[in-house]
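A.B. asks: build me a model:
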Amino acid sequence: MDYSKVLDSLKLTPRVLLGVALGTGFLIVAPVRLVTTLGMSALLTSYRGWIGGAFVISSALLLGHGVSAISAFIARRWTEHLKLKRMQRALEKLSPPEQAVLAEYFTNGTTTRHFEISDGIVNGLVVKRILYRSSNIASYFTTFPFNVQPWVWEYLREHPSLIDAADVRDDD
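C.D. replies: Numbers count the residues shown, from 1 in each chain. Here you go, the predicted structure:
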């Protein structure tokens, strides 16, 4: 008999495991008088070991699901944190022309600016995930809107010294 197929067919989701753990746990800890009133004393007497085993196994699997979900959440948050820190350090290492492009956004008080699609500095900032092209429709043949990533906007508002010294380009 292939037990893996049996287990797969049971679909032991956390919801099912919680039900099994609560049901079997209730039978184990409920007062004898209540179990007798429910007509389950013969069942509990005959199958106490199986009920206890189902309780232990379902509780352990439920705990495993919980620990797994929590550790995955923490790992995801930690990875996001490290990625953000790495990207913030990249902002601190921008070249003066890149700083000038970003300074234009703040000088004009907007998160959207239009640049030529062939602008190497702007495309470099796109590759670094600092800017993104917000539309695939050109304004003037080859001029497209580029937006500052929201996290960049917030970070530069908190650290204006990263772009204060930049000379604003005169493209427009």
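
A.B. asks: outline the domain layout of the chain.
C.D. replies: Using automatic domain parsing, the domain ranges for the chain come out as 3-83, 94-164.

A.B. asks: where in this protein is pLDDT low?
C.D. replies: Across the chain, the ranges flagged by pLDDT under 70 are 1-4, 6-10, 165-172.

A.B. asks: for the single longest helix found in the chain, name the packing helices and strands.
C.D. replies: In the chain, assigned by DSSP state H, the helix with the most residues is helix 41-92. Applying 3 or more C-beta pairs under 8 Å, 6 or more residues apart in numbering; DSSP states H and E, we find helix 41-92 packed against helix 14-29, helix 32-37, helix 150-158. All C-beta spots, glycine's among them, are computed from the backbone N, C-alpha and C.

A.B. asks: can you redo the domains of the chain as TSV with mean neighbour count?
C.D. replies: Putting those into TSV (neighbours: other C-beta atoms under 10 Å) gives the following:
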stretch	mean neighbour count
domain 3-83	13
domain 94-164	15
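
A.B. asks: picking up where we left off before, and the helices and strands packed on helix 41-92 as JSON lines, adding distance to residue 95?
C.D. replies: JSON lines is the format used below for those (distance: least, C-beta to C-beta, whole Å):
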{"stretch": "helix 14-29", "distance to residue 95": "50"}
{"stretch": "helix 32-37", "distance to residue 95": "75"}
{"stretch": "helix 150-158", "distance to residue 95": "15"}
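
A.B. asks: nearest to residue 64, out of the ones you listed?
C.D. replies: With C-beta to C-beta as the criterion, residue 64 lies closest to helix 14-29 of the helices and strands packed on helix 41-92, at 9.2 Å.

A.B. asks: what's the angle between that closest one and helix 41-92?
C.D. replies: For helix 14-29 against helix 41-92, the angle by axes from the mean of the first three to the mean of the last three C-alpha atoms, to 10 degrees is 140 degrees.
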